[in-house]
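Enquirer: Task: produce atomic coordinates for the following.
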Amino acid sequence: MFDPETMRTFTISDGLPADNSSVLLLDREGGLWIGTGGLNQPVGSGLARFDISANDASDRRMQTWTRTDGLLINHILGLYEDSQGTVWIGTAKGLNRYNGKGMTHFTEEDGIPSERIFAITADKDGALWIGVGNRLYRYVPTFPSREGLGVGFPAFTQVGGSELHVEGDDVITALYVDAAGHLWVGLGVFNGGKGYLFRYDGQRFTRFSAEDGAPSTFITKISQDLQSRIWVGTLLGGVYVYDGKRFITPATLRQISTIYDLFHDRQGNTWLATNGGAVKIGADWQPESGGALMRTLTTADGLPHNEVRCLLEDKAGHLWFGTREGLTRYTPSTTPAVHIEQVVFADQTVQQPKEVKVSAAAKRVVVHYNAPSFRTPPHQMQYLVKLEGRDSDWRGCIK
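Expert: Prediction:
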């Protein structure tokens, strides 16, 4: 069990528009944006911004937006902040933009269809890439001049055309620009659950196939770790890792089938949002690594629900998990609490004791203990013990 003081769950009673958070964004000012609705959810309840950077809890404002505030619809699918601090909002019926003053929406007249938008990202030149249904658009923002003129609205340009439309009800569900500047495009087919993966080098799209080991199921997320490996999360087929030559599905990760979201924290660990909790994969994980480098955070550890839809790390190192029944902030402790799991002496075994009395006649007492941590893998954990009344100082031990 994890120390409950490291967990704090926020719900409607705290000002959230809904308990089911589906997409998260941390803006440059430390504000946490929370979208509701998301993948495979029939409805949403709008958008919120939580000022988590405030030192005083009483100053942490929760601002919300719904259709009455300018959203095209309350069903939020994607969030992105550009280099100027403007937040772009993908909804089930098109694109919204918030510039800190007001909410703007785009329509067919602006050159962009009113379709589902799951994915928004930007390249190194600052151009935005937006997946609109099964079409990919590029948009170059024009920002206010020094004279304070208004923001312009250049035309959206469709890129790729029919190259990205594979079959049926396919939708662009993931976009990512890697360190080399290549744009990765992931698609999902709602009727059947298939998925397709492309990479764009600025000239042409390359489609990855089964021969490359690429995923063939609904793609939900694409990201790159500190070792330059590309991670691809899927809705039905787990996670795939691309090493620059081919995709692999390590045996230690095959037990995880549903991935809603993934990210890499500042220590290099990889976190997966799954239907069975939040899974942490250690920074030193390799394809041949065993399960010791994986940990799972569930309701047994304080989450309100095991279905984690989204996750991220804030500037203070807190981890945020959006679940079906609340938004949870987890504060990893630098010194995890030690839990006594079992005490064995004579012919007795006491499970998870709060207090144990042992006869002085007992010749051998065995204490089983553990200190669960999401920062330190079990094989790297070091323990010190001290027997009061006998030891004058703490000493190392073998677990």
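Enquirer: After the strand or helix carrying Leu32, which helix or strand is next? Please name it.
Expert: Using DSSP states H and E, Leu32 sits in strand 31-36. Downstream of strand 31-36, the next assigned helix or strand under DSSP H and E is strand 47-51.
Enquirer: Just name whatever secondary elements that next one is in contact with.
Expert: Strand 47-51 is packed against strand 31-36, strand 62-65, with contacts defined by 3 or more CB pairs under 8 Å, 6 or more residues apart in numbering; DSSP states H and E. For glycine as for every other residue, the C-beta is placed from the backbone atoms N, C-alpha and C.
Enquirer: Going along the chain, name the strands of the stretch 201-350 of the chain.
Expert: All strands of the stretch 201-350 of the chain, identified by DSSP state E, counting those that start in this stretch, fall at 205-208, 219-224, 230-234, 239-242, 247-248, 259-264, 270-274, 277-281, 294-297, 308-313, 319-323, 326-330, 339-345, 348-351.
Enquirer: So for Arg135, which of these sits nearest?
Expert: With CB to CB as the criterion, Arg135 lies closest to strand 205-208 of those, at 12.9 Å.
Enquirer: coming back round to it: show me what the strand holding Leu32 is in contact with.
Expert: 16-18, 20-27, 44-53, 74-79, 87, 89, 314, 320, 322, 327 (CB atoms under 8 Å, 6 or more residues apart in numbering).
Enquirer: Buried by neighbour count, from those residues: which ones?
Expert: The neighbour-count test (16 or more other CB atoms under 10 Å) marks 16-18, 20-27, 44-50, 52-53, 74-79, 87, 89, 314, 320, 322, 327 as buried among the contacts of strand 31-36.
Enquirer: thinking again about what came up before, quick check: mean pLDDT across the strand holding Leu32?
Expert: Mean pLDDT, strand 31-36: 96.
Enquirer: If you compare the directions of that strand and strand 47-51, what angle comes out?
Expert: 150 degrees (axes from the mean of the first three to the mean of the last three CA atoms, to 10 degrees).
Enquirer: what residues go with each domain of this structure?
Expert: Domain segmentation of the chain under automatic domain parsing yields 4-330, 339-396.
Enquirer: now stretch 350-365, how far from the chain's geometric center?
Expert: Centroid displacement of stretch 350-365 relative to its chain, using CA atoms, centre = their mean, to the nearest Å, is 44 Å.
Enquirer: Residues in contact with that stretch: which ones?
Expert: Taking CB under 8 Å, 6+ apart as the rule, stretch 350-365 contacts 339-346.
Enquirer: Now render those as CSV, adding distance to Pro141 and neighbour count.
Expert: Below are the contacts of stretch 350-365 laid out as CSV (distance: CB to CB, whole Å; neighbours: other CB atoms under 10 Å):
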residue, distance to Pro141, neighbour count
His339, 52, 14
Ile340, 57, 16
Glu341, 56, 12
Gln342, 60, 14
Val343, 64, 18
Val344, 66, 13
Phe345, 70, 17
Ala346, 74, 12
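Enquirer: So what sits opposite the residue most central in space within the chain in the bridge?
Expert: In the chain, the residue lying closest to the centroid (CA atoms, centre = their mean) is Leu311, at 3.1 Å. Leu311 has these beta-bridge partners by DSSP bridges: Phe321.
Enquirer: Tell me the confidence at it?
Expert: 97.
Enquirer: What ranges in the stretch 101-250 of the chain fall below the confidence cut-off?
Expert: 142-155, 166 (pLDDT under 70).
Enquirer: now do 80
Expert: Residues of the stretch 101-250 of the chain meeting the criterion pLDDT under 80: 141-156, 160-168, 250.
Enquirer: Tell me how many other residues surround Thr104.
Expert: Neighbours of Thr104 under the rule other CB atoms under 10 Å: 16.
Enquirer: and it, what does it touch?
Expert: Applying CB under 8 Å, 6+ apart to Thr104 gives the contacts 70, 96-98.
Enquirer: Repeat that for Ile12.
Expert: Here Ile12 is in contact with 18-19 (criterion: CB under 8 Å, 6+ apart).
Enquirer: can you start the count at 10 instead of 1 from here on
Expert: All right, first residue 10 from here; so that's Ile21.
Enquirer: Tell me how far it lies from Thr337.
Expert: 14 Å (CB to CB, to the nearest Å).
Enquirer: now do Tyr251
Expert: Tyr251 is 30 Å from Thr337, by CB to CB.
Enquirer: and the closest residue to Gly44 other than its chain neighbours, what are its bridge partners?
Expert: Distances taken as CB to CB, 6 or more residues apart in numbering place Ile85 nearest to Gly44, at 3.0 Å, with adjacent residues excluded. With DSSP bridges applied, Ile85 shows beta-bridge pairing to Gly46, Thr100.
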